[in-house]
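Peer 1: sequence? don't have it. structure:
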């Protein structure tokens, strides 16, 4: 009988990312995931979410600012390197 490996504990970086993502509203988190995770442009995000293109852009900008602040808290901004 094979033993299942124990799940690895969360790493410090992963915990920071999860906390930063939790600081976002559900809509901000969705926009950020669609943009950063899936590489979709704001007009595609707007179409998928049924919102205007400008609103998608503003949500993404706000999500990036909030995520950056929550993640880095005074450290160098990660998304400026992206």
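Peer 2: Cool, got the structure. Quick caveat, the model's predicted, so the values are computed rather than measured. Numbering: from 1, shown residues only.
Peer 1: from here on, just use CA atoms for contacts and neighbour counts.
Peer 2: OK.
Peer 1: show me where pLDDT drops low in the chain?
Peer 2: Across the chain, the ranges flagged by pLDDT under 70 are 1-11, 74-82.
Peer 1: hey, where'd the helices end up in it?
Peer 2: Using DSSP state H, the helices found in the chain span residues 12-22, 26-32, 42-49, 53-72.
Peer 1: return the most buried member of these.
Peer 2: helix 26-32 (a mean of 20; mean count of other Cα atoms under 10 Å).
Peer 1: contact partners of that one?
Peer 2: Taking contacts as Cα atoms under 8 Å, 6 or more residues apart in numbering, the residues outside helix 26-32 that touch it are 21, 45, 56, 59, 60, 62, 63, 64.
Peer 1: the closest residue in space to residue 40 that isn't next to it in sequence: neighbour count?
Peer 2: Spatial nearest neighbour of residue 40, excluding adjacent residues (Cα to Cα, 6 or more residues apart in numbering): residue 34 at 5.8 Å. Residue 34 has 18 neighbours, counted by other Cα atoms under 10 Å.
Peer 1: quick check: the gap between residue 34 and residue 50.
Peer 2: Counting by Cα to Cα, to the nearest Å, the gap from residue 34 to residue 50 is 14 Å.
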